[in-house]
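Enquirer: Here is my input, please return the structure:
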Amino acid sequence: MVTISEAIQLITNNVKSSATIKRRALSGALDCVLGADVVSPISMPPFRQSAMDGYAICSHDSMEYTVVGEVAAGSGSNPHLNPGEAVRIFTGAPVPDTADRVVIQEKVQRLDNGIVLEEPFRRGANIRPVGEQLQQGDTVMAAGMRITPAGIGLLAGVGVSEVAVATKPRVAIVVTGDELKAAGESLEHGQIYESNGAMLAAVLSDKGYKDSQVLKAEDDLKVLTQTLQRALAEADVVLVSGGISVGDYDFVKTALNDLGVQQMFYKVKQKPGKPLLFGKKEQKLVFALPGNPASALSCFYVYVLLALRLWEGDKQASSRFQFAKIESNYHKKGDRAQFLKAKTGIDNTVAILDGQASSMLQSFAAADALVFLDEEVSHVEQDSLVPYLNIL
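Expert: Take a look at the predicted model:
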């Protein structure tokens, strides 16, 4: 059995980028990891640009200026200004070469043919210089960065229409359990509806991993081994739901061993999710998750998502914990570290929800965080800072 930190370290040490690099249109690159540095083909901004609506002026000794024209955003004009002359200008418009500052319209009195400044403005005021944000040839975004909506805007803003990105892993979800029935079917005594396959496929899609499939395996060693063999052949990452504990019909560990999967760790000193297995077969990754839904989902957020990010080559991949003030006292039972379903609130607070049993998803459906309490923590006082993992 390993600790949580040991499990995270083993994943970090053993999962290397296995993605291939492909060119993709920028419009389809959201949430992809860059496979190469993007170098700016232009300076940004590419011309001296007005930061405000107002007047571009060529300074002289008086506060009064004659308005001789107008420059709108997108204009190609570059009027010559003599000292004491100004042009009406708008945010984003090119500043004339002979203008030395832009005065905001709120600080100007308009006359019939001119303006009077209410206060002096420093040289260069409200002018964005060429290359203020980026110089031509600068790295806009580095390889290993994940492309966010802001990243799309940044890249589009320098004229990039296509990027090299890492492919995403194919994921197979193998669901075990003879007691499981598909939604819509009739239940007999002792049967329950299968939910983990749908849940794991949904969370994968939500995190940007659309290429997944769900396979069902009976509680039979031969059938399970064949199903896992197919999953390993067709996918880069295999998630197994259930069958990893120590019951008479829990064959997953045996089947994985028979298929040559190297075990990196089995069992983590945590609650929920103790019977978690992480293994490798060459470059293929395997996570055998507990069958209880809340356990499986907690393990996904803490461990599987980290591995998927590392597989893509995401250089910022980590299990990132933030801190918030707990809304009420909490007493932890047992000596294992715990991940607790929780809801964040205003003023950087977090509340631990009722219904923490590993079989309960109702509280998980309302949660947006997992509060982490280490094994050494037994009691937390109201307003104490606690670490949590944002799961949205």
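Enquirer: Domain map for this structure?
Expert: Using automatic domain parsing, the domains assigned to the chain come out as 4-19+168-312, 21-43+132-166, 49-128, 322-390.
Enquirer: Residue 143 touches residue 32, doesn't it?
Expert: No - Residue 143 lies out of contact with residue 32 (CB atoms under 8 Å); the separation is 11.8 Å. All C-beta spots, glycine's among them, are computed from the backbone N, C-alpha and C.
Enquirer: more neighbours, the two?
Expert: residue 32 (24 against 17; other CB atoms under 10 Å).
Enquirer: How about the more buried one, nearest residue that isn't a chain neighbour?
Expert: Leaving out its chain neighbours, the residue that sits closest to residue 32 by CB to CB, 6 or more residues apart in numbering is residue 165, at 3.8 Å.
Enquirer: quick one: that neighbour from residue 313, how far?
Expert: 10 Å (CB to CB, to the nearest Å).
Enquirer: same thing with residue 305?
Expert: The gap separating residue 305 from residue 313 is 15 Å, by CB to CB.
Enquirer: Of the two, give the one with the bigger neighbour count.
Expert: It is residue 313, of residue 305 and residue 313, that has more neighbours when counted by other CB under 10 Å, with 22 against 19.
Enquirer: Look up phi and psi at the more buried one.
Expert: Main-chain torsions, residue 313, degrees, to the nearest 10: phi 90, psi 20.
Enquirer: How about residue 70, nearest residue that isn't a chain neighbour?
Expert: Nearest to residue 70 is residue 88, by CB to CB, 6+ apart, at 4.2 Å.
Enquirer: Is that neighbour in contact with residue 67, as I believe?
Expert: Yes - using CB under 8 Å, residue 88 is in contact with residue 67, at 6.2 Å.
Enquirer: For stretch 341-360, measure first residue to last.
Expert: End-to-end distance for stretch 341-360: 10 Å, by CA to CA, to the nearest Å.
Enquirer: For the residue lying closest to residue 31 once chain neighbours are set aside, list the residues it contacts.
Expert: Closest residue in space to residue 31, ignoring its immediate chain neighbours: residue 208 at 4.1 Å, by CB to CB, 6+ apart. By CB atoms under 8 Å, 6 or more residues apart in numbering, residue 208 lies in contact with 31, 32, 168.
Enquirer: Give the helix, strand or coil label for residue 208.
Expert: Under DSSP: H, G, I helix; E, B strand; the rest coil, the three-state class of residue 208 is coil.
Enquirer: okay, and the helix or strand of the protein with the least pLDDT?
Expert: Ranking every helix and strand in the chain by mean pLDDT, DSSP states H and E puts strand 180-181 at the bottom, with a mean of 68.
Enquirer: give me the low-pLDDT residue ranges for the chain?
Expert: The chain contains residues with pLDDT under 70 at 178, 180-181, 246-249.
Enquirer: Would you map the strands across the stretch 1-150 of the chain?
Expert: 21-25, 38-39, 49-50, 54-57, 64-71, 85-89, 101-104, 108-110, 114-117, 127-128, 139-141 (DSSP state E, counting those that start in this stretch).
Enquirer: Let me have these in TSV, extended by distance to residue 266 and mean neighbour count.
Expert: Below are the strands of the stretch 1-150 of the chain laid out as TSV (distance: least, CB to CB, whole Å; neighbours: other CB atoms under 10 Å):
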stretch	distance to residue 266	mean neighbour count
strand 21-25	34	13
strand 38-39	41	18
strand 49-50	59	22
strand 54-57	67	27
strand 64-71	69	17
strand 85-89	68	24
strand 101-104	66	22
strand 108-110	73	15
strand 114-117	75	17
strand 127-128	57	18
strand 139-141	39	17
